[in-house]
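pasted the sequence and its predicted model underneath.
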2 protein chains.
Amino acid sequence: MTIEHSILGVIASRPCTGYDIKTEFEHEGAGMVWGVSFGSVYPKLKSMEEQGLIQNYRTETKGRMKKMYELTPKGWEALHKWLGELPSYPSIKDELLLKLSMWDRGRPEDRQTLIYHMKNRKEQSQELLDYYLQWPQNGHSSISEFGMLGIQYVQERLETELRWIEKAILQLEGEPQPPVQDPYDLIPKQQERRNLAINPPVITVHPESSTDEDRV
Amino acid sequence: MTIEHSILGVIASRPCTGYDIKTEFEHEGAGMVWGVSFGSVYPKLKSMEEQGLIQNYRTETKGRMKKMYELTPKGWEALHKWLGELPSYPSIKDELLLKLSMWDRGRPEDRQTLIYHMKNRKEQSQELLDYYLQWPQNGHSSISEFGMLGIQYVQERLETELRWIEKAILQLEGEPQPPVQDPYDLIPKQQERRNLAINPPVITVHPESSTDEDRV
DNA sequence: TGCGACATGTAAAAAGTTACATGATTAG
DNA sequence: CTAATCATGTAACTTTTTACATGTCGCA
């Protein structure tokens, strides 16, 4: 439902085309706001026009036809109303965190691959941080006092993340540690279940025909 | 696509029912991993069984029939393989951040509502942090060395967020600040556009019938 | 002349949510 | 006895993505 409000907000800053909106989400919203695809922007613009939130007018820039969208009074009102509603708590989809939480279940011995994942994340977050650090001085973005608060938040979050990654890599490069808490011994039990599934025991009807020596 | 891998990971830790999986996502994955609904878990379990990743067996606990799922060798292998793949960069949907970035567009004068939103966020994050702080000592959760790294990450992220909120509220309670950067004066222009849309100018055919004094 | 950025869309598929439908057991 | 929790599922709907389809302009 929030893609509609994001579009409302982008058009509020300046009248723009569907293409503009899509690209705005790509760089300005880097890491901060989810991306959108053309396949979702254009149909949404259409439906928002039907709802009377926006209206388009055609302009010609360098001989090329463009469909510019501007907010209607109803659109300005919808933006105002939405901003006044309590935001829902953020939802985060972090695959690295998910993999970390189940690493011992699938790759108990393999610390190197995890370190590799972490280093990859470090690079990407560092790049994003560099982008956010230069943003307020790039000379072309419009940033209000409020927007700047958001940028500072992302900067601090990324700095914290980078510090954590450094620390985590150091730990992973060191000695394996025992579980922090495992009251029902689920972790060793789980590793047994896994071994049983991957290397099923040989069922022998005649014990004398199968001994330890059979396994090569 | 990742809901499938999350299920794989939960079943890896111990055989469980569809209900178990759904609740596991609610509390264990609080803020860390996205939630799932029954309507998506049960059909997914069915399709994963068809793919041969999991298999079910019926058990009776306290006279109640349960459908327990366990990983097949193929399922263990799929988990192992997925863990080895580079995780994609996290996607975050943070409505507060989005509203912050467009606050001046819809509610330029209203700092109080924004402060209210921030305080609400602060409470929720504090609650989540408290949960994460007691998690490693709750006496029933299984936490490996790797899982603990993830928990530490979330703790540090939340602490950083809370510090930022404190600072941001202080700023919002103070004097309004000018834009940090607005090279094309988009912000004042935007406010003009908004005023024009909300209070359209009275078009007068006879200028003498409409003067400044008309407006009360 | 051909490539990359600009520009607008549609159709099918995938993914997930909400609401509905059902029923057993347990704690107060 | 009744509400909450445990337990399993379906159907309709919404949202979003992917892939396709088309075409222009500027530049090297």
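Here it is on my side, so go on. Everything quoted here is computed from the prediction, not taken from an experiment.

what about the helices in chain A?
A:2-13, A:18-27, A:38-50, A:73-84, A:95-101, A:103-106, A:111-134, A:145-173, A:186-198 (DSSP state H).

now do the fourth one: which elements does it pack against?
Applying 3 or more Cβ pairs under 8 Å, 6 or more residues apart in numbering or on different chains; DSSP states H and E, one finds that helix A:73-84 makes contact with helix A:2-13, helix B:103-106, helix B:186-198. For glycine as for every other residue, the C-beta is placed from the backbone atoms N, C-alpha and C.

so which elements touch the first one?
For helix A:2-13, the packing partners by 3+ Cβ pairs under 8 Å, 6+ apart come out as helix A:18-27, helix A:38-50, strand A:54-61, strand A:64-71, helix A:73-84, helix B:95-101, helix B:103-106, helix B:186-198.

let's see 7 Å
helix A:18-27, helix A:38-50, strand A:64-71, helix A:73-84, helix B:103-106, helix B:186-198 (3 or more Cβ pairs under 7 Å, 6 or more residues apart in numbering or on different chains; DSSP states H and E).

hmm, back to that, looking at the helices and strands packed on helix A:73-84, which is buried most?
Mean neighbours per residue, mean count of other Cβ atoms under 10 Å in any protein chain shown, is largest over the helices and strands packed on helix A:73-84 for helix B:103-106, with a mean of 25.

mean pLDDT added to the helices and strands packed on helix A:2-13, as a markdown table?
Output for the helices and strands packed on helix A:2-13, formatted as a markdown table (pLDDT from 0 to 100):
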| stretch | mean pLDDT |
| --- | --- |
| helix A:18-27 | 88 |
| helix A:38-50 | 94 |
| strand A:64-71 | 92 |
| helix A:73-84 | 96 |
| helix B:103-106 | 96 |
| helix B:186-198 | 95 |
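
highest average neighbour count across the ones you listed?
helix B:103-106 (a mean of 25).

hang on, the earlier thing: a markdown table please, covering the helices and strands packed on helix A:2-13 and showing distance to residue A:186.
As requested, the helices and strands packed on helix A:2-13 are exported to a markdown table (distance: least, Cβ to Cβ, whole Å):
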| stretch | distance to residue A:186 |
| --- | --- |
| helix A:18-27 | 42 |
| helix A:38-50 | 42 |
| strand A:64-71 | 55 |
| helix A:73-84 | 45 |
| helix B:103-106 | 47 |
| helix B:186-198 | 56 |
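
and the residue in chain A that DNA strand D sits nearest to, how far is that from DNA strand C?
Nearest residue of chain A to DNA strand D: residue A:39, at 2.0 Å (Cβ to the nearest atom of the strand). Taking Cβ to the nearest atom of the strand, to the nearest Å as the measure, residue A:39 falls 3 Å from DNA strand C.

could you do residue A:5 as well?
Taken as Cβ to the nearest atom of the strand, the span from residue A:5 to DNA strand C is 17 Å.

and if you look at residue A:196?
30 Å.

residues contacting the residue nearest the centre of chain A?
Centroid-nearest residue in chain A, with Cα atoms, centre = their mean: residue A:93, separated by 5.3 Å. For residue A:93, the contacting residues are B:34, B:90-91, by Cβ atoms under 7 Å, 6 or more residues apart in numbering or on different chains.

same check, this time on residue A:153
Contacts for residue A:153 (Cβ under 7 Å, 6+ apart) come out as B:97, B:164.

quick check: end-to-end length of stretch A:107-116?
14 Å (Cα to Cα, to the nearest Å).

and that stretch, does that touch chain B?
Yes - Stretch A:107-116 reaches chain B (Cβ under 7 Å from any Cβ of the partner chain) through A:107, A:113.

just the buried positions in that stretch, please.
A:107-108, A:111, A:114-115 (16 or more other Cβ atoms under 10 Å in any protein chain shown).

break chain A into its domains for me.
A:2-84, A:95-177 (automatic domain parsing).

contacts only, for residue A:124.
Counted by Cβ under 7 Å, 6+ apart, residue A:124 has contacts residue B:89.

now it: how far from residue A:112?
19 Å (Cβ to Cβ, to the nearest Å).

so where's chain A shaky on pLDDT?
Along chain A, segments meeting pLDDT under 70 span A:1, A:28-32, A:207-216.

one more time with 90, if that's ok
Filtered on pLDDT under 90, chain A yields the residue ranges A:1-3, A:24-36, A:60-65, A:88-93, A:138-141, A:199-216.

about what we covered before: now the helices and strands packed on helix A:73-84 as a markdown table including distance to residue B:150?
Conversion of the helices and strands packed on helix A:73-84 to a markdown table gives the following (distance: least, Cβ to Cβ, whole Å):
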| stretch | distance to residue B:150 |
| --- | --- |
| helix A:2-13 | 27 |
| helix B:103-106 | 33 |
| helix B:186-198 | 40 |
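
can you tell which of the ones you listed is closest to residue B:138?
For those, the distance to residue B:138 is smallest for helix A:2-13, at 33.8 Å, taking Cβ to Cβ.

who are the contact partners of the nearest residue to residue A:159 once chain neighbours are set aside?
Closest residue to residue A:159 apart from its sequence neighbours, by Cβ to Cβ, 6 or more residues apart in numbering or on different chains: residue A:129 at 6.8 Å. Shown in contact with residue A:129 (Cβ under 7 Å, 6+ apart): A:155, A:158-159, A:162.

which of those residues are buried?
Neighbour-count burial (16+ other Cβ under 10 Å) is assigned, among those, to A:155, A:158.

need the contacts of residue A:129 in TSV (columns: distance to residue B:143).
Below are the contacts of residue A:129 laid out as TSV (distance: Cβ to Cβ, whole Å):
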residue	distance to residue B:143
A:155	30
A:158	26
A:159	26
A:162	24
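
separation between the residue of chain A closest to DNA strand D and chain B?
Residue A:39 is 17 Å from chain B, where distance means Cβ to the nearest Cβ, to the nearest Å.

check residue A:85 too.
9 Å.

burial measure for that residue, as a count.
Neighbourhood size, residue A:85 [other Cβ atoms under 10 Å in any protein chain shown]: 12.

tell me if stretch A:186-196 is near chain B.
Yes - interface with chain B: stretch A:186-196 contributes A:186-187, A:190, A:194 (Cβ under 7 Å from any Cβ).

who's in contact with that stretch?
A:104-105, A:108, A:179, B:12-14, B:76, B:142, B:144.

just send those back as CSV, with distance to DNA strand D too.
Output for the contacts of stretch A:186-196, formatted as CSV (distance: Cβ to the nearest atom of the strand, whole Å):
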residue, distance to DNA strand D
A:104, 25
A:105, 21
A:108, 28
A:179, 25
B:12, 18
B:13, 16
B:14, 13
B:76, 22
B:142, 18
B:144, 24
